[in-house]
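In: Got a predicted model here, sequence first, then my questions.
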Amino acid sequence: SRASEQALTKIKAEFDKMITQWDATFIFVSNEIGSGLHAENAASRKFVDAQGWLNQHVASKANMVTHMVAGVPNNIKQFPGESRDPLKAPNSQDLVECAMLDKLLATRPLMMDDKGYFMMKLDHAKGVICVTYHSCIKNDKGEICDVHGKKISCSGNNRPEPMETFEARTAKELTVNIFERWEHAKDLVTVGHAAYIGREAQRAEQCLFAGKFYQQD
């Protein structure tokens, strides 16, 4: 009995030393042998007890503990960040005020990029967000025109052929493709325009996932 207790104390100390000397993530897999039949001899019972005490020690140090039964995970201990109490959510009045604020901000004067603009729509059949980038120029009157000097109407069909086309399944994939992987983004897109596309991508994603119509703001 004394020898088994000493062995357990020693292995606990070795375990503590191992997990503190390296900045790493450890995953330990251990058998839960205390749920079976009662051992018939003293040595087996001592081993089961020692294994149980060691499992408890490891679990006390772990950020997450999962008990597997028939291939099904049962989470016994969660990461601290995953077990937070629900935080305060906006009430109905807060949501109304936020909607009014966005409506007010939508009326602010905007300066279009004089190098190009994005058009965004949804393809519900394919389940993707579609974006095209069109080159343009600004004439002496400040009007947005195609490369031939023809004024581009906001509601017309005289838009030039796109310089680039993007398709993505999520807002994150879309913005990564445009602003991180497209080699011309840094030269053609301003910070304000990029922020606008990020907001529109989120709106488009919500409509795509909800099966609703989306219209670019």
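Out: That came in fine, so what should we check first? Residues are numbered from 1 along each chain as shown.
In: where does the chain dip in pLDDT?
Out: Residues of the chain that meet the criterion pLDDT under 70 lie in 1, 80-85, 147, 153-159.
In: Which residue lies nearest the spatial centre of it?
Out: K172 (8.0 Å; CA atoms, centre = their mean).
In: what's in contact with the strand or helix carrying that residue?
Out: K172 belongs to helix 171-176 when assigned by DSSP states H and E. Where contact means CB atoms under 8 Å, 6 or more residues apart in numbering, the residues beyond helix 171-176 that reach it are I129, V131, F166, A168, I197, G198, A201, Q202, A204, E205. Any C-beta I mention is one placed from the backbone N, CA and C, and that applies to glycine too.
In: can you tell me which residues contact the fourth one?
Out: By CB under 8 Å, 6+ apart, the contact set of A168 is V128, I129, V131, L174, N177.
In: Near S60, how many other residues are there?
Out: The number of residues packed near S60 is 9, by other CB atoms under 10 Å.
In: other SSEs contacting the one helix or strand it maps to?
Out: With secondary structure defined by DSSP H and E, S60 is part of helix 42-61. Helices and strands touching helix 42-61, by 3 or more CB pairs under 8 Å, 6 or more residues apart in numbering; DSSP states H and E, are helix 2-20.
In: For the helix it packs on, list every residue counted as buried.
Out: Of the residues in helix 2-20, those buried under the neighbour-count criterion (16 or more other CB atoms under 10 Å) are L8, F15.
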